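>>> quick one: sequence and predicted model below, then my questions.
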Amino acid sequence: MRDASKPSRIFRISIRLHYTWVLALALIAAIMVTQFPSSSPLWQRASLGIATGLLFFISITAREFILNLIAIVRGIPVRRTTLLIFGGVPQISKESTRPLLEILMAITGLLTTLIIGGVFYGIYAALINSGSVVIAGLIQWLAFIFFMLFIFHFVPGFPLDGGRILRALLWRLTDNYERATRIASWCGWTAGWLCVALGILLMVTELQWLNGLLLAGTGWVLQGAATKSRRQAKLLEALKRIQAQDIMSRQSPLISPETTVSQVIHDYILATGYRHCIVADEGKFLGIATINNIKRVSKKRRGSHIGRIMTPSSELNTAQPQQSAASLLGQMDELGIDYMPVLEDETVVGIVTRDHLIRLAQNLAELGMDRGSA
């Protein structure tokens, strides 16, 4: 799965639109064109179709906004959400949540979908009584689709709300988050392909091309999201038996806080290709200076000390040598960071990078082994 646009941020949450939204909005608009009387001008029907698609998109976005806001209030950090046609897939680490919280969030998602459908139905009832038949038909369709989404989310396949409940129950029973995610994702993958098959059947037997395409497209997005979730769980599973001391880099530059920014650029960044350096005083960890820190310094100020522009240790998360790689990756994802120094008795012994973790996990997962069997 890939995203169509750069993420925007709401409450420091990165919101990504899945590229299938373009196709979904086009299909919704096309379906709505067929729902209005053919006596109406095509431009008018097309405008109403586009308006329906946009209202649907806004409503789905509002649903995820409410869920993310509730998650933050409950103390669950959400760093990124991918917006799909049936809802959002938030990125929440295992360390940030619990089975009961997962169930409560899933139930909240179901209720929010039902409430949105009820609001649209209430608006439809008010409009039909006032004689606004055309607009009422548009709102009625939105009410119908949200009621259908409410039912759809009961399917016990991740990342649907029913799948989140299934994962939470399996997690509680097995005490294995990654395995629970894999099983729930397999259910989501199966449900997605069933929707694709039903959509094709609808097109072939009933000749309902647009409705069939919408159902098949939704199923395709579901199986893709489930596949991605399953792969991520498999990557974390592969990293569980690996410790930070096994994979950390021991060659990262250690520099004095009095080293100038210009020296860091020429002697470390350009000479070694590293995008970061560890700032330490006689081995004691003080902070990290990354290329992003350095880019903010104007050329006139590059004679200043690196200690003044580094990210201090008090603002950084650090790892212990025996900490699992899966835990490290979860923390990095949760905090949105790419580097984590490894300390032993306040002395820097290495650094773990997110890119290294992901490459290692992918290699182990492809080979079907853990570090111990390699």
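That came through fine. Residues are numbered from 1 along each chain as shown.

>>> going by C-alpha atoms from here, please, whenever you check contacts or count neighbours.
Noted.

>>> Thr82 contacts Gly88, doesn't it?
Yes: Thr82 is in contact with Gly88 according to Cα atoms under 8 Å; the separation is 5.4 Å.

>>> neighbour-wise, which of these two wins?
Gly88 (25 against 19; other Cα atoms under 10 Å).

>>> how about the secondary structure of Ile116?
helix (DSSP: H, G, I helix; E, B strand; the rest coil).

>>> burial count for it?
Per other Cα under 10 Å, the neighbour tally for Ile116 reads 20.

>>> could you do Leu100 as well?
If you count neighbours by other Cα under 10 Å, Leu100 ends up with 13.

>>> the host helix or strand of it - contacts with which helices or strands?
For Leu100, the host element (DSSP states H and E) is helix 99-130. Using 3 or more Cα pairs under 8 Å, 6 or more residues apart in numbering; DSSP states H and E as the contact criterion, the elements in contact with helix 99-130 are helix 42-73, helix 133-152, helix 161-174.

>>> list the buried residues in whichever helix or strand comes after the shortest one.
To tie it back to what came earlier, the one meant is helix 161-174. Remark: after helix 161-174, the chain's next helix or strand is helix 177-205, criterion DSSP H and E. Of the residues in helix 177-205, those scored as buried under the neighbour-count criterion (16 or more other Cα atoms under 10 Å) are 177-203.

>>> helix 177-205 packs against which elements?
Going by 3+ Cα pairs under 8 Å, 6+ apart, helix 177-205 lies up against helix 161-174, helix 209-239.

>>> minimum distance to Arg98: which of the ones you listed has it?
Between Arg98 and those, the shortest gap by Cα to Cα is with helix 161-174, which sits at 7.8 Å.

>>> mean confidence for that closest one?
Taken as a whole, helix 161-174 carries a mean pLDDT of 94.

>>> which strands or helices does that helix pack on?
In this structure, helix 161-174 packs against helix 99-130, helix 177-205, with contacts taken as 3+ Cα pairs under 8 Å, 6+ apart.

>>> avg pLDDT for the first one?
Helix 99-130 shows a mean pLDDT of 92 in the predicted model.

>>> distance of Pro253 from Ile291?
Using Cα to Cα, to the nearest Å, one gets 13 Å for the distance from Pro253 to Ile291.

>>> still on that earlier bit, rebuild the helices and strands packed on helix 177-205 as JSON lines, extending it with distance to Ile50 and mean neighbour count.
Output for the helices and strands packed on helix 177-205, formatted as JSON lines (distance: least, Cα to Cα, whole Å; neighbours: other Cα atoms under 10 Å):
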{"stretch": "helix 161-174", "distance to Ile50": "28", "mean neighbour count": "22"}
{"stretch": "helix 209-239", "distance to Ile50": "15", "mean neighbour count": "22"}
